[in-house]
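A.B. asks: Based on what follows, work out the 3D shape:
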Amino acid sequence: MPTFDFKQVDVFASQPLKGNPLAVVVAADGLADARMAAFANWTNLSETIFLLRPTTPQADYRVRIFTPRGELPFAGHPTLGACAVWLAGGGRARGDRIVQECAAGLITLRRDGPLVAFAAPPLLRSEPVGPELLPRIAAGLGLDAGDLLEARWVDNGPGWLAVLLASRRQVLALRPDPAALGSLKVGVVAPWDPAVDGAEAQFEVRAFVSGAGILEDPVTGSLNAGVAQWLIGSGRAPDAYVASQGTALGRAGRVHVRKSGADIWIGGEVVTCIEGKVTL
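C.D. replies: Predicted structure coming up:
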């Protein structure tokens, strides 16, 4: 059976065990789809990725992204983790940008000091959430419909919708009902109050994905990318801010958001927790 280099990294964290873990199998070309899916099911992490040679000259590397239940076209924290592992393994960009190939297309990344950042992909769906869904969302979050200040689709591939609440306290107090949410992927965001919450971040985010086999994702790049486009585009957030995520799970995820020209960059630190070989 073939053996591959393997890493497990923590994304959106400056220290191990405080971000979102990601399993990475390096140089996995030739590994069968079924074997990839079986390993991702076995790791039981929200995502496991396989680094591959690109199929287009525009890309520096290719990645396939699997959850325990199936393959994703794009996801944020696997994108940052893949780039960090590729760079640590000797990968060299051909300019000031790094291009990742995935099922969703080509994703542009860059180094930003200690961070790796990706350009938020365009939203596939960005309209307000229809009134027929609002009672279900509110019930699933254990809220009254009036607590939802606004709800919009922020879908860049995984199917996210997001709701805005008034305070960080409300976000952290949520105890969602997975049965009520069903297959919906719901992000929740609220501003920090500097007088109460401090100035380390400007927004608190949570991501509920009960239909994906887990209830809550610790730190979510794709959701934050969609939320950033909504918040910055509507004037609710400045062109640069930090989002805190994972607090309710004992994590300390920090997502660094910056608008530069027409692009919104989603960045975070990546630290290695496990390194070795895996036999598949």
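A.B. asks: Quickly find the element holding N224.
C.D. replies: helix 221-233 (DSSP states H and E).
A.B. asks: ok now that helix, how far from the chain's centre?
C.D. replies: 11 Å (C-alpha atoms, centre = their mean, to the nearest Å).
A.B. asks: What residues does C83 make contact with?
C.D. replies: Each residue near C83 by C-beta atoms under 8 Å, 6 or more residues apart in numbering is listed here: 98, 100, 109, 116, 118. The C-beta positions use only the backbone N, C-alpha and C, and glycine is treated the same way.
A.B. asks: do that again at 10 Å, thanks
C.D. replies: 51, 60-61, 63, 91, 93, 98-100, 107, 109-111, 116-118, 270 (C-beta atoms under 10 Å, 6 or more residues apart in numbering).
A.B. asks: Select only the buried ones of the residues you listed in ChimeraX?
C.D. replies: The buried subset of those, as determined by 16 or more other C-beta atoms under 10 Å, is captured in ChimeraX by this line:
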select :51,60,61,63,98,99,100,107,109,110,111,116,117,118,270
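A.B. asks: so how far is D147 from P135?
C.D. replies: For P135, the distance to D147 equals 12 Å [C-beta to C-beta, to the nearest Å].
A.B. asks: burial count for the closest residue to V278 other than its chain neighbours?
C.D. replies: For V278, ignoring the flanking residues on the chain, the nearest one in space by C-beta to C-beta, 6 or more residues apart in numbering is F6 at 4.0 Å. The number of residues packed near F6 is 20, by other C-beta atoms under 10 Å.
A.B. asks: Tell me the buried residues in the helix holding N224?
C.D. replies: Buried, per 16+ other C-beta under 10 Å, within helix 221-233: 221-232.
A.B. asks: In a markdown table, list those residues along with pLDDT.
C.D. replies: Shown next, in a markdown table, are the buried residues of helix 221-233 (pLDDT from 0 to 100):
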| residue | pLDDT |
| --- | --- |
| G221 | 95 |
| S222 | 94 |
| L223 | 96 |
| N224 | 97 |
| A225 | 96 |
| G226 | 97 |
| V227 | 98 |
| A228 | 98 |
| Q229 | 98 |
| W230 | 98 |
| L231 | 98 |
| I232 | 98 |
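A.B. asks: mind giving me TSV with those and columns for distance to A75?
C.D. replies: TSV is the format used below for these (distance: C-beta to C-beta, whole Å):
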residue	distance to A75
G221	7
S222	5
L223	10
N224	11
A225	10
G226	12
V227	15
A228	16
Q229	16
W230	18
L231	20
I232	21
